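Colleague: coordinates only, sequence not included:
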DNA sequence: CATATTTTGTGATTTGTTTCACATCTTTTT
DNA sequence: AAAAAGATGTGAAACAAATCACAAAATATG
């Protein structure tokens, strides 16, 4: 049974990403131990929330002693399964696909695009650090590298078809850059990334901010923006 | 006064984007009138929520008659200021920057990147449909095209510096692809797009789904994912 | 070693969001 | 023209998330 797979990253999870980014930076600066209020200051959330979030993800510290950065980071890595390697496939080698295929941060975070795919044979010949295969080799690669997660960067017209094929071959998670809501079985996770929407929402809030008069309304707006 | 500018798109706003995408599709299919449950089915939210969201954004329909697609779309366009053109600048012509500069959907939605910038003179000479300027022409372009919103696609090391300069020249909204939390004055809107986080969160939920046994836990998980 | 201080972790409270339920208006049917 | 049916719009209720507040633990101090 297929259904619309619209999935939103929980805010608490987003904040965990935030905390981690700060921890990495602090560690580089030589800091060894942090307190909930350290992270609060660095990330703009309040310290109660930091602790509540940690509690949700079963992260504990030392009463009075705060948190040891290394332990925290290790805990977070295990939460996100970063201790393991993750093989990915990328479908669609247009603009966005090519940029993603060269995006070095994925590798730094143990996420490896093992192969890319495109229907256009010309793109398959193009110079690229990664192999560009035609779609008929999809199953072979997914099986060989035990791929569970795919990135879709194809035109919207073919996104659903591609997604269906991926799922048939065992893919369980999709980051979808095509502006379509995919209809998927309920055991497949889909995260839609829509760049236009990201931009438009900024434009929306900028207009709202410019129209605001008086400090009280400004505070209301910040609340609205979940500042 | 600068502060961490961490900003989250409200879920109701995200759903409005969703509704709009559906409406556009339905219109192409020749549909003229929709009901709250039509949109509900198409987007996977429930019909009460559709109506509540519309109410939040002051969108009204006809009792019994549902909503006229053209009117709805027009209303939404005015909410997002799509009736006007929006000039953007893009800073950083690395992988991601180059992909974004060619991203045709921005133009389709009345968002025009009028110029791109990079510190590397080589990239400035590279073949591109858009001019690639060095940073010292930033002010001139921002003024000439009345640019209010910028896209940052520079390495994380220089993101804060670039953002500061943008704000000095009057930029009020930023879509930031660099994995850094920018410290900005409170009247500047920042939307951080972090591709690694998007991928990792999918990996996180995929692992969670695979570990789930029994239908009850599955439902709990869906709730957790705000399915 | 007792007391003071600091910070965590978590129930209790408040605030925000989603769902429910129904009055209201509009159209269709008889 | 009255009754029935269908959809909206919105208070009320239920649920979820964020903040408050404080007991408990760990460390520091005298």
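Modeller: All right, it came through fine. On a predicted model such as this, the values are computed, not experimentally measured, just so you know.

Colleague: Mind splitting chain A into its structural domains?
Modeller: A:11-79, A:84-193, A:195-227 (automatic domain parsing).

Colleague: Could you export those domains as CSV, including mean pLDDT?
Modeller: Shown next, in CSV, are the domains of chain A (pLDDT from 0 to 100):
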stretch, mean pLDDT
domain A:11-79, 96
domain A:84-193, 94
domain A:195-227, 81
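
Colleague: Pipe the ones you listed into JSON lines and attach mean neighbour count and distance to residue B:11 per row.
Modeller: (Each C-beta comes from the backbone N, C-alpha and C, glycine too.) Formatted as JSON lines, the domains of chain A follow (neighbours: other Cβ atoms under 10 Å in any protein chain shown; distance: least, Cβ to Cβ, whole Å):
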{"stretch": "domain A:11-79", "mean neighbour count": "16", "distance to residue B:11": "9"}
{"stretch": "domain A:84-193", "mean neighbour count": "19", "distance to residue B:11": "13"}
{"stretch": "domain A:195-227", "mean neighbour count": "16", "distance to residue B:11": "9"}
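
Colleague: Tabulate those domains (CSV), appending distance to chain B.
Modeller: Listed next are the domains of chain A as CSV, based on distance: least, Cβ to the nearest Cβ, whole Å:
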stretch, distance to chain B
domain A:11-79, 3
domain A:84-193, 3
domain A:195-227, 4
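
Colleague: mind checking which of the ones you listed is nearest residue B:179?
Modeller: domain A:11-79 (6.3 Å; Cβ to Cβ).

Colleague: Ok, which of the domains of chain A comes nearest residue B:70?
Modeller: Per Cβ to Cβ, nearest to residue B:70 of those: domain A:195-227, 19.7 Å.

Colleague: And the closest one, how far out from the chain middle?
Modeller: 24 Å (Cα atoms, centre = their mean, to the nearest Å).

Colleague: picking up where we left off before, next, format the domains of chain A as CSV and append distance to DNA strand C.
Modeller: Listed next are the domains of chain A as CSV, based on distance: least, Cβ to the nearest atom of the strand, whole Å:
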stretch, distance to DNA strand C
domain A:11-79, 3
domain A:84-193, 16
domain A:195-227, 5
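
Colleague: where exactly do the helices run in chain A?
Modeller: Using DSSP state H, the helices of chain A run over residues A:11-28, A:36-43, A:47-56, A:69-79, A:95-101, A:104-108, A:121-125, A:138-144, A:156-168, A:195-211, A:215-224.

Colleague: Columns distance to residue B:62 on top of the ones you listed, output as JSON lines?
Modeller: Shown next, in JSON lines, are the helices of chain A (distance: least, Cβ to Cβ, whole Å):
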{"stretch": "helix A:11-28", "distance to residue B:62": "36"}
{"stretch": "helix A:36-43", "distance to residue B:62": "46"}
{"stretch": "helix A:47-56", "distance to residue B:62": "43"}
{"stretch": "helix A:69-79", "distance to residue B:62": "49"}
{"stretch": "helix A:95-101", "distance to residue B:62": "40"}
{"stretch": "helix A:104-108", "distance to residue B:62": "49"}
{"stretch": "helix A:121-125", "distance to residue B:62": "49"}
{"stretch": "helix A:138-144", "distance to residue B:62": "48"}
{"stretch": "helix A:156-168", "distance to residue B:62": "31"}
{"stretch": "helix A:195-211", "distance to residue B:62": "26"}
{"stretch": "helix A:215-224", "distance to residue B:62": "28"}
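
Colleague: Look up how far residue A:24 lies from the nearest residue to residue A:80 once chain neighbours are set aside.
Modeller: Using Cβ to Cβ, 6 or more residues apart in numbering or on different chains and skipping residues adjacent in sequence, the residue nearest residue A:80 is residue B:200, 5.1 Å away. Relative to residue A:24, residue B:200 is positioned 14 Å away (Cβ to Cβ, to the nearest Å).

Colleague: thinking again about what came up before, so what's the residue nearest to residue A:80 up against?
Modeller: A:17, A:80, A:82, A:109, A:111 (Cβ atoms under 8 Å, 6 or more residues apart in numbering or on different chains).

Colleague: Try it again at 10 Å.
Modeller: In this structure, residue B:200 makes contact with A:9, A:13, A:16-17, A:20, A:79-82, A:86, A:106, A:109-111, A:149, A:175, B:194, judged by Cβ atoms under 10 Å, 6 or more residues apart in numbering or on different chains.

Colleague: Ok, residue A:107 next?
Modeller: The contact partners of residue A:107, by Cβ under 10 Å, 6+ apart, come to A:85, A:113.

Colleague: next one: residue A:117
Modeller: Contacts for residue A:117 (Cβ under 10 Å, 6+ apart) come out as A:89-93, A:97, A:123-124, A:131-138, A:141, A:150, A:154, A:162, A:165-166.

Colleague: Skipping its backbone neighbours, what lies nearest it in space?
Modeller: That would be residue A:91: by Cβ to Cβ, 6+ apart, it lies 4.8 Å from residue A:117.

Colleague: wait, isn't the one you found in contact with residue A:149?
Modeller: No: Residue A:91 is not in contact with residue A:149 according to Cβ atoms under 10 Å; the separation is 11.8 Å.

Colleague: list residues touching both of these two?
Modeller: Shared contacts of residue A:91 and residue A:149 (Cβ under 10 Å, 6+ apart): A:166, A:171, A:174.

Colleague: quick one: the first one from DNA strand D, how far?
Modeller: When you say that, I think you mean residue A:166. Between residue A:166 and DNA strand D the distance is 29 Å, computed by Cβ to the nearest atom of the strand, to the nearest Å.
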